[in-house]
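>>> what's the 3D shape of this:
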Amino acid sequence: MTQESINISELEKKSISKPLVLDQFTADPSAHVFDNKIYIYPSHDIDAGIPFNDNGDHFGMRDYHVFSMNDPSDSYAKDLGKILDINDVPWAKRQMWAPDIAKKDGKYYFYFPAKDKNDIFRIGVAIGDSPSGPFLPDSNPIKESYSIDPALFEEQGDYYMYFGGLWGGQLQKYRDNIYDAKNDLRENSEYAFGPLVAKMSDDMREFSESPREVMILDENEVPLLAGDNDRRYFEGPWVHKYKDKYYLSYSTGDTHFICYAIGDNPMGPFKYAGRILEPVVGWTTHHSICEFNKKWYLFYHDSILSGGVTHLRSMKVTEIFYDESGFISTVYPYGKP
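This is a model prediction of the structure:
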């Protein structure tokens, strides 16, 4: 399916799921279960009137809302209101992109990327007593944080943040956690960029160590190459655990797949295992995975509701299934061809 040859009305009829929100545009949904209820933390798409470019400047989001569902079978998600605005964050200038949240010791830690006053993406944290907020942001971004798409994973009381995105997400500008505007994408024959991971401090407001790159290996246990666009990492990391294995899922960006890799350690390495989601309408694809009542669900987005406008997206949900070997069955968002 090419983005240029889409018949929106036909694909809408074939869609396996419907938008969870109709009165605003919601993208990049991070879904979690707190107190036996699903809470979803998406980015809030708006038409900012900014011309389209490869850096994603037209994704001009300025605030966040939180939504809830009693069950994934609910027709719609309930808007619980705005939880953070860019005007509340002293260090942030623009572009509040995909967020995530974690709960520890009765507190909720909401993590979000935004460009600072120098137009460099950093990651901030805002803290609240409830999954629906209110959230009070720290005055400064997390030290050594950069790029976009924070995703938190908890393992036996330890919390890890995964993050990073290419192109507009600026990941390609860093080497060994140091920014240089002269840096660019790696050559096709070089190892692909992986997401970054850092263990969180006890207070969840800093990294307890410098971020390190996560390796994604091919079937021969060799790191994927930068030119392997159908499988290599681009943005949108998410980690969950199924049985005794760790699953790293992510977007391939310009090839529009959600892929996944499996590992024995949350720090990696992970071995490529396949695709979770085929391309959706709209240029971006971004997701989260959570378990609810012993079933597993994929939260994702597409641009069907906006008629295919790439920066006006709507979150959706569908159940996913594992086979006996732990592999995830591929989801076809508009029916299997």
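
>>> which non-adjacent residue is nearest Arg205?
Of all residues not flanking Arg205 in the chain, Val125 sits nearest, at 5.6 Å (Cβ to Cβ, 6 or more residues apart in numbering). Any C-beta I mention is one placed from the backbone N, CA and C, and that applies to glycine too.

>>> In the protein, which residue is most central in space?
Gly236 (3.7 Å; Cα atoms, centre = their mean).

>>> All the helices of the stretch 1-150 of the chain, in order from the start?
With helices called from DSSP state H, counting those that start in this stretch, the stretch 1-150 of the chain shows them at 8-14.

>>> can you give me the strands for the stretch 1-150 of the chain?
25-34, 37-45, 63-69, 78-85, 92-94, 100-104, 107-116, 121-128, 136-137 (DSSP state E, counting those that start in this stretch).

>>> Nearest to Pro51, out of these?
strand 92-94 (14.6 Å; Cβ to Cβ).

>>> for the closest one, packing partners?
strand 107-116 (3 or more Cβ pairs under 8 Å, 6 or more residues apart in numbering; DSSP states H and E).

>>> tell me the angle the strand it packs on makes with strand 25-34.
150 degrees (axes from the mean of the first three to the mean of the last three Cα atoms, to 10 degrees).

>>> Identify the neighbouring strands of strand 107-116 in the sheet and state each direction.
strand 92-94 (antiparallel), strand 100-104 (antiparallel), strand 121-128 (antiparallel) (DSSP bridges).

>>> gap between it and the chain center?
The chain centre lies 13 Å from the centre of strand 107-116; the measure is Cα atoms, centre = their mean, to the nearest Å.

>>> Mind listing residues that contact the lowest-mean-pLDDT helix or strand in the chain?
Least confident element among the helices and strands of the chain, by mean pLDDT, DSSP states H and E: helix 8-14 (a mean of 95). The contact list for helix 8-14 (Cβ atoms under 8 Å, 6 or more residues apart in numbering) reads 281, 304, 307-308, 334-335.

>>> for the residue nearest to the centre of the chain, what are its contacts?
Applying Cβ under 8 Å, 6+ apart, the residues contacting Gly236 are 28, 98, 149, 151, 165, 250-251, 258, 285-287.

>>> Just give the nearest non-adjacent residue to it, would you?
Ser251 (4.0 Å).

>>> now the helices: where do they sit in the stretch 151-300 of the chain?
Under DSSP H, counting those that start in this stretch, the stretch 151-300 of the chain gives no helices.

>>> could you pull out the strands for it?
Counting by DSSP E, counting those that start in this stretch, the strands of the stretch 151-300 of the chain are 151-155, 158-163, 174-175, 178-179, 196-199, 212-213, 216-217, 235-242, 245-251, 258-263, 270-277, 288-292, 295-302.

>>> among these, which is nearest Asn188?
Closest among these, using Cβ to Cβ: strand 216-217, at 15.8 Å.

>>> quick one on the thing from earlier: need the strands of the stretch 1-150 of the chain in JSON lines with distance to Ser325, mean pLDDT and mean neighbour count, can you?
Shown next, in JSON lines, are the strands of the stretch 1-150 of the chain (distance: least, Cβ to Cβ, whole Å; pLDDT from 0 to 100; neighbours: other Cβ atoms under 10 Å):
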{"stretch": "strand 25-34", "distance to Ser325": "25", "mean pLDDT": "98", "mean neighbour count": "24"}
{"stretch": "strand 37-45", "distance to Ser325": "28", "mean pLDDT": "98", "mean neighbour count": "23"}
{"stretch": "strand 63-69", "distance to Ser325": "30", "mean pLDDT": "98", "mean neighbour count": "21"}
{"stretch": "strand 78-85", "distance to Ser325": "37", "mean pLDDT": "98", "mean neighbour count": "17"}
{"stretch": "strand 92-94", "distance to Ser325": "44", "mean pLDDT": "98", "mean neighbour count": "18"}
{"stretch": "strand 100-104", "distance to Ser325": "29", "mean pLDDT": "98", "mean neighbour count": "21"}
{"stretch": "strand 107-116", "distance to Ser325": "33", "mean pLDDT": "98", "mean neighbour count": "22"}
{"stretch": "strand 121-128", "distance to Ser325": "35", "mean pLDDT": "98", "mean neighbour count": "22"}
{"stretch": "strand 136-137", "distance to Ser325": "43", "mean pLDDT": "98", "mean neighbour count": "18"}
